[in-house]
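> Pasted the sequence and its predicted model underneath.
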Amino acid sequence: MISQQVALNNSTAVKIITSVNYEQTINLHNSSGNNMYLGGSDVSTSNGFHLPNNTDVVVSVQQDNELWGLMATGTGSIHVLRPD
């Protein structure tokens, strides 16, 4: 397992998970103090999956796909636990 912290901001989407040739089950935790949004490289506050502060979610990232994130306001970090 790999544990990492990814810094996000509210102006540019940041890649959280890179594309690989297998499905990944990813555990995410938002402890940033602000809301964040998850989605593709075009993620925004209007089209992204809303992840409120202090919330956990498990997502399945399909083969050859990426996961991106964006803060609603300010900056913050998302904690990621994923397989190696």
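Received the coordinates, thanks.

> Identify the residue spatially nearest to the residue lying farthest from the centre of the chain, adjacent ones excluded.
Note on the chain: the largest C-alpha distance from the chain mean falls to residue 21, namely 18.9 Å (Cα atoms, centre = their mean). In space, residue 21 comes closest to residue 63 once its chain neighbours are excluded; the distance is 5.9 Å by Cβ to Cβ, 6 or more residues apart in numbering. C-beta here means a position set from N, CA and C on the backbone, and glycine is covered the same way.

> Compute the number of surrounding residues for that neighbour.
10 (other Cβ atoms under 10 Å).

> before we move on, the earlier item: phi, psi of the residue farthest from the centre of the chain?
Main-chain torsions, residue 21, degrees, to the nearest 10: phi -90, psi 30.

> wait, isn't the residue nearest to residue 21 in contact with residue 17?
No - counting by Cβ atoms under 8 Å, residue 17 is not a contact partner of residue 63; they are 11.9 Å apart.

> who's in contact with residue 59?
Residue 59 is in contact with 25, 26, 28, 38, 67, counting by Cβ atoms under 8 Å, 6 or more residues apart in numbering.

> Residue 36 versus the residue nearest the centre of the chain, what's the distance?
Geometric centre of the chain, nearest residue: residue 69, 4.5 Å, by Cα atoms, centre = their mean. Between residue 69 and residue 36 the distance is 6 Å, computed by Cβ to Cβ, to the nearest Å.
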